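In: here is a sequence with its predicted model. Questions after.
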Amino acid sequence: MTLNDPATVAQQYASETNLKARRSIYANTTGPDPRELAFEAVAEVAPRRVLEVGGGPGELAARITAELGCEIVMVDSSERMVELARARGVDALVGDVQELPFEDESFDCAVAAWMLFHVPDLDRGLAELARVLGPGGRLVAVTNAEHHLRELRELAGSAAWAQPFSRENGEPMLRRHFAKLERRDADGWVTIEDDASVRAYVGSLGREAPDELPQYELPLRIRRASSVFVCTR
């Protein structure tokens, strides 16, 4: 399975259930929080108008509005995610990063957090993000390393997703569209102490999730590795 298959993406985000299961494993973590690094990267440029693509339930968009006092628009391909974001007061609409419904140079900052690996034509999506940013505009793009959650993904076997956009391969893709690029890593460890969380995570990966897992011992200690790419147009 790949993360950028449209049918898989539609199934995964038709509701919030699978996303909640995957997020729940991060209750006990060490190391820098990539969400904080992403927020700081946005705050650094004191933006007036921000675009978030693939914003999910809208937590980051709502925080940017509340703490930075700027205008933000969120686009997501999932009707349910847009509904949840609007419930937080976010100006959200259903749309596709590959064909953004905005004029050139409409924003001075854009955020794509853990979503570029879902884009079927990533080069087209990045071109659209660059197009809607003004001169000197910033893209904050968050993704994971290939070894992120390796121990947990090994339990999932063939259900574990391939990584079309990762720490390792992201830079050359981004450099085709942005003049400057900086990578900020957030590595650490996740500790899971209950079987239910392990099984919920594996089950959230889709139809290929195994009914029976290989033997493992609790607590399960798992590597965590994410990166924030800070890109300037």
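Out: Yep, that arrived. Because the structure is predicted, anything quoted here is derived from the model rather than measured.
In: name the helices or strands packed onto the lowest-mean-pLDDT helix or strand in the chain?
Out: Ranked by mean pLDDT, DSSP states H and E, the helix or strand of the chain with the weakest confidence is helix 150-156, at a mean of 87. Under the contact definition 3 or more C-beta pairs under 8 Å, 6 or more residues apart in numbering; DSSP states H and E, helix 150-156 sits against helix 195-203, strand 220-232. The way it works is simple: take the backbone N, C-alpha and C, and place the C-beta from them, glycine included.
In: hmm, try it at 6 Å
Out: Judged by 3 or more C-beta pairs under 6 Å, 6 or more residues apart in numbering; DSSP states H and E, the packing partners of helix 150-156 are strand 220-232.
In: which residues are contacting the strand it packs on?
Out: 34, 37-38, 41, 138-139, 141-142, 144-145, 147-152, 167, 170, 174, 178-192 (C-beta atoms under 6 Å, 6 or more residues apart in numbering).
In: in this structure, which spans are strands?
Out: In the chain, the strands defined using DSSP state E lie at 29-30, 49-53, 71-76, 91-94, 107-113, 133-144, 180-192, 220-232.
In: possible to save the ones you listed as a markdown table with mean pLDDT?
Out: A markdown table is the format used below for the strands of the chain (pLDDT from 0 to 100):
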| stretch | mean pLDDT |
| --- | --- |
| strand 29-30 | 96 |
| strand 49-53 | 98 |
| strand 71-76 | 98 |
| strand 91-94 | 98 |
| strand 107-113 | 98 |
| strand 133-144 | 97 |
| strand 180-192 | 98 |
| strand 220-232 | 97 |
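In: for Leu133, the count of nearby residues, please.
Out: Residues contacting Leu133 under the criterion other C-beta atoms under 10 Å number 24.
In: with Ala7 instead?
Out: 7.
In: got it, and Leu116?
Out: 27.
In: look at the spatially closest residue to it that is not a sequence neighbour and report its pLDDT.
Out: Of all residues not flanking Leu116 in the chain, Phe165 sits nearest, at 4.5 Å (C-beta to C-beta, 6 or more residues apart in numbering). Listed pLDDT for Phe165 reads 95.
In: fine, thanks again, bye for now.
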